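*Asks:* here is my input; please provide its structure:
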Amino acid sequence: MQEASQAIVTGRLGRYELLGELGRGAMGVVFRARDPIIDRVVALKTIDPGRSGEAKPRFAERFFQEARSAGRLNHPNIVTIYDAGEAGGEAYIAMEYLEGTSLRQMLDEQAPLPAQRAVEIAGQVARGLAYAHEHGVVHRDIKPANIIIQRNRRPKITDFGIARLGEADVLAGSRAGSPKYMSPEQIRGDGALDGRSDLFSLGAVLYEMLTGRQPFAGVEVIDIMRAVLESTPAPPSAHNAAVPPELDALVMRMLAKRPDERHPSARWLYRELRQLEERLEKTPPAPPPRAEARKVSVDDPTLVIGVPEPSRAAAPARASRFVGWVAASAALVALVVAAIALVPGDAPPPVAQTPAPIVAAAPVAEPPAPPPPPPEVAVETPPEPAPRPKAPLRAAKKPPPPPPPAPVVEPSQPLPVVEVAPLPRPAPPPPQTGRVVLAVSPWGEVYVNGKLRGTTPPLAEVELPPGRHRIEIRNSAQLPYHTFVELHAGETQPIRHAFSN
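*Replies:* Residues are numbered from 1 along each chain as shown. So this is what the prediction gives:
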């Protein structure tokens, strides 16, 4: 023991040069080291030199179990093991040196994460777990501290120290693993654990990424274990309204108490997470409220008479046309008055009386309902004013020259109208249900999730929402047949069964 500690103090362990300490864990110390043979920087993991007596051999067994488990795996989302051995009585593992931060540290600093980023991390971890499970390795200790987020944003799974240890889980009177992330079957001590235990742990990690809180908590370890075994946490959206419903359902399925109610495999879970990530990437921001298409013209009469903007927007189209006819009639009246004023011998009309017809049309903020037809309004003219008395002729002076003719006001011609096209209608949503096609001989009563749906024949198919469903077919003369189906939207699955005679 003294020899091992002295080796570390001198800055070397075997052929490795120790460059500095990276961290300490429950089992030992991790150093940043250099392999001088190939000039490569590695992370060198050792057993804590302070351990002695019977505990150290048992920890050493777990230590080399990590090397055996992770050393057979080569995947972008799993840390790479380069070497393992013993030098001066000290066991070590040389592994890939990762530049980044742990997910634990990331959550301590910026939880909760955006839904898309949380799904991306969980999907990459599920991808690495799928590879490990397919090679016979169950991690059994998935938690934020064992997930390293590299500078390129890619997560890597580390610490396979208790992978597939079976009866060796109990060390120094405590069960190996992290209770806040352990599956119910792992807490109960079930001997035969499969990859679905890791999926439960990943579900707890994803829940924490989305909400900033752990799904199972307690003051004492026994309280945490009881919560994992008995309580069901609220959906993530109860703590974070930005979590969509489909992500709620996926997380709660990962946290199901029974393994057969979770996803069948990590590969299956990875595909669902990847599809959900793509949908979150394509989801556009909420569009603004659609405005009603309206014809807008720069010579809109409502602009001339000073109607406030909200009133213009709320006035019906018929009222706008009526106001236009009133303005045109006012212009015609002005022409008639100007023509009368130009009759010989008449005094020039006062200038102040010219805009009177336009002022009369001002109170149009509340248009009459229903208005008279525009043609009838256009032909109506006000009664002619009484002729003014002629001014007496004076012989000594010439009559003043007539004023210049008033400019002829033509009825305004509408400029080209700009149409605001309505927003395009969104594409019809994809199918939201799946189908189960039935072929049963000679006959059977079909129960879906405990509810009778009919007798086949004649019942040939059942339409169901996406998810896992229990199908049971009963025949009074035979033992019932039951199975589970996993449906996706738009998917069709057959069920065939023949009751024996």
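
*Asks:* average pLDDT across the helix or strand where Val41 lies?
*Replies:* Per DSSP states H and E, Val41 falls inside strand 40-47. For strand 40-47, mean pLDDT rounds to 90.

*Asks:* again with stretch 429-447
*Replies:* 85.

*Asks:* stretch 218-233 now?
*Replies:* 94.

*Asks:* again with stretch 460-472
*Replies:* Here stretch 460-472 scores 89 as its mean pLDDT.

*Asks:* for that stretch, buried residues please.
*Replies:* Under the neighbour-count criterion of 16 or more other C-beta atoms under 10 Å, stretch 460-472 has Val462, Leu464, Pro466, Arg468, His469, Ile471, Glu472 buried. Any C-beta I mention is one placed from the backbone N, CA and C, and that applies to glycine too.

*Asks:* just the ones in helices from these, please.
*Replies:* In helices, judged by DSSP state H, none of these are found.

*Asks:* including distance to Val243, could the residues you listed go into a markdown table?
*Replies:* Formatted as a markdown table, the buried residues of stretch 460-472 follow (distance: C-beta to C-beta, whole Å):
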| residue | distance to Val243 |
| --- | --- |
| Val462 | 30 |
| Leu464 | 24 |
| Pro466 | 18 |
| Arg468 | 21 |
| His469 | 24 |
| Ile471 | 30 |
| Glu472 | 33 |
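
*Asks:* which pair of those spans the longest distance?
*Replies:* Pro466 and Glu472 (19.8 Å; C-beta to C-beta).

*Asks:* ok, the buried residues of stretch 460-472 vs Asp194, which is closest?
*Replies:* Closest to Asp194, out of all of those and judged by C-beta to C-beta, is Arg468, at 17.2 Å.

*Asks:* surely the closest one is in contact with Arg262?
*Replies:* No: Arg468 is beyond contact range of Arg262, at 9.2 Å (criterion: C-beta atoms under 8 Å).

*Asks:* which neighbours do the two share?
*Replies:* Arg253 (C-beta atoms under 8 Å, 6 or more residues apart in numbering).

*Asks:* any idea how far the closest residue to Leu250 other than its chain neighbours is from Thr492?
*Replies:* Leaving aside its sequence neighbours, Leu250 sits nearest to Glu272 (C-beta to C-beta, 6 or more residues apart in numbering; 6.2 Å). Separation of Glu272 from Thr492 (C-beta to C-beta, to the nearest Å): 19 Å.

*Asks:* neighbour count for those two, which is higher?
*Replies:* Glu272 (18 against 10; other C-beta atoms under 10 Å).

*Asks:* for Pro494, what are phi and psi?
*Replies:* Dihedral pair for Pro494: phi -90, psi 150, per degrees, to the nearest 10.

*Asks:* please disregard the earlier target; I meant Pro244.
*Replies:* When read as degrees, to the nearest 10, the backbone of Pro244 gives phi -70, psi 160.

*Asks:* hang on, it packs against Ala115?
*Replies:* Yes: with contacts counted by C-beta under 8 Å, Pro244 reaches Ala115, the gap being 6.8 Å.

*Asks:* which of those two has more neighbours?
*Replies:* Comparing Pro244 with Ala115 by other C-beta under 10 Å, the one with more neighbours is Ala115, at 21 against 16.

*Asks:* hmm, Ala241 and that one touching each other?
*Replies:* No: using C-beta under 8 Å, Ala115 makes no contact with Ala241, being 10.7 Å away.

*Asks:* common neighbours of Pro244 and Ala115, please.
*Replies:* Common neighbours of Pro244 and Ala115, using C-beta under 8 Å, 6+ apart, are Leu280.

*Asks:* quick one: neighbours of Thr283, just the number.
*Replies:* Per other C-beta under 10 Å, the neighbour tally for Thr283 reads 11.

*Asks:* what pairs with the strand holding Val41, and is each one parallel or antiparallel?
*Replies:* Note on strand 40-47: by DSSP bridges, its sheet partners are strand 28-35 (antiparallel), strand 90-96 (antiparallel).

*Asks:* most packed of these?
*Replies:* Ranked by mean neighbour count, the strands paired with strand 40-47 are led by strand 90-96 with a mean of 22 (mean count of other C-beta atoms under 10 Å).

*Asks:* what does that strand contact?
*Replies:* So strand 90-96 is contacted by 4, 7-8, 13-14, 16, 33, 35, 42-47, 49, 60, 63-64, 66-67, 70, 79-86, 156, 158 (C-beta under 8 Å, 6+ apart).

*Asks:* find the nearest non-adjacent residue to Val221, please.
*Replies:* Using C-beta to C-beta, 6+ apart, the closest residue to Val221 is Pro179 (5.5 Å).

*Asks:* would you agree that neighbour is in contact with Ile187?
*Replies:* Yes: with contacts counted by C-beta under 8 Å, Pro179 reaches Ile187, the gap being 7.0 Å.

*Asks:* what touches both of the two?
*Replies:* With C-beta under 8 Å, 6+ apart, Pro179 and Ile187 have common neighbours Met225, Val228.

*Asks:* more neighbours: which of these two?
*Replies:* Legend: neighbour count by other C-beta under 10 Å for Pro179 and Ile187, higher for Pro179 (19 against 16).

*Asks:* so where's the stretch 1-150 of the chain uncertain?
*Replies:* Applying pLDDT under 70 to the stretch 1-150 of the chain flags residues 1-10, 25-27, 48-59.

*Asks:* that one: helices as residue ranges?
*Replies:* 2-9, 55-71, 103-110, 115-134 (DSSP state H, counting those that start in this stretch).
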